[in-house]
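*Asks:* Build me a model from this:
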Amino acid sequence: MMKFLVTGFEPFGQSSINPSEQVVRHLAAMQFEEFGVATAVLPVHRTRGSEALITAVLQTQPDAIICLGEAGGRHAISIERVAINLMDYGLADNDGQLVQDAPIEPDGPAAYFTTLPVRKLMLAVQNGGIPAELSLTAGAYLCNQVTYELLHFLAKQQLDMPAGFVHLPFLPQQAAVRPGKFPSMALETMVTAVTTILTTLHTKLCGTITSARK
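*Replies:* Alright, predicted model coming up:
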């Protein structure tokens, strides 16, 4: 049976909740007939976040990896296309570390494209009646950093595991306590969107395997 690894992040900044963590908790309690789902919640930490992700990859040996994170201010499920070799934190991590204008990997390439079928995934979510978009910036904080570190690791190890990152909007309870008007999305809607991504990815990968065997 095909297996996916889905990760989220713990809360950070002034928030006591993170939509990516909540989605991962829900997925961990769900049963899927056609594939398995392993999950992990990553620390918002300069080094431990990426280390926890790589450890989860090595332990679970998934067929594909989808990392989730929070992007307050976005109105849609944002499927990232690229991760850049830059740490330029807008706020300190949960250990108080603030990094600016520093490469993630000094000898690494400037950027990596994610290896998920991003447009197909976006269209599947949109066809389910949920706002979704392709994004060319995962920022320069931990979301971008763990994605870059993951893709760098897979490239160095020559591991053929499709991998990428999906940003989630605020939950309504997060938007409600912030000044101004912030878009939000219900947790149930986000879980449905990520489930749709997993189902679509499973169908895509099964088709690729079948074609390769012909």
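*Asks:* got a list of contacts for the helix or strand where Ala40 lies?
*Replies:* Assigned by DSSP states H and E, Ala40 falls within strand 35-42. The contact list for strand 35-42 (Cβ atoms under 8 Å, 6 or more residues apart in numbering) reads 1-10, 21, 24-25, 27-28, 30, 48-49, 52-53, 56, 60, 62, 67, 142, 146, 198, 202. Bear in mind the C-beta positions are built from the backbone N, C-alpha and C, glycine included.
*Asks:* Spell out which strands sit alongside that strand in the sheet and which way each one runs.
*Replies:* strand 2-9 (parallel) (DSSP bridges).
*Asks:* Now the strand it pairs with: buried residues?
*Replies:* By 16 or more other Cβ atoms under 10 Å, the buried positions in strand 2-9 come out as Met2, Phe4, Leu5, Val6, Thr7, Gly8, Phe9.
*Asks:* Restricted to helices, list the contacts of strand 35-42.
*Replies:* When those are checked against helices (DSSP state H), the matches are 21, 24-25, 27-28, 48-49, 52-53, 56, 60, 142, 146, 198, 202.
*Asks:* From the residues you listed, pick the one nearest Glu105.
*Replies:* Nearest to Glu105 among those is Val146, at 12.5 Å by Cβ to Cβ.
*Asks:* was I right about that closest one contacting Leu53?
*Replies:* Yes - between Val146 and Leu53 there is a contact under Cβ atoms under 8 Å: 5.2 Å.
*Asks:* Check the contact lists of those two and give me the overlap.
*Replies:* Joint contacts of Val146 and Leu53 (Cβ under 8 Å, 6+ apart) are Thr7, Leu42, Cys67.
*Asks:* Any chance of CSV for those residues, columns pLDDT?
*Replies:* As requested, the shared contacts of Val146 and Leu53 are exported to CSV (pLDDT from 0 to 100):
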residue, pLDDT
Thr7, 98
Leu42, 98
Cys67, 98
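*Asks:* is it possible to export those residues to CSV including distance to Gln174?
*Replies:* As requested, those are arranged in CSV below (distance: Cβ to Cβ, whole Å):
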residue, distance to Gln174
Thr7, 20
Leu42, 19
Cys67, 20
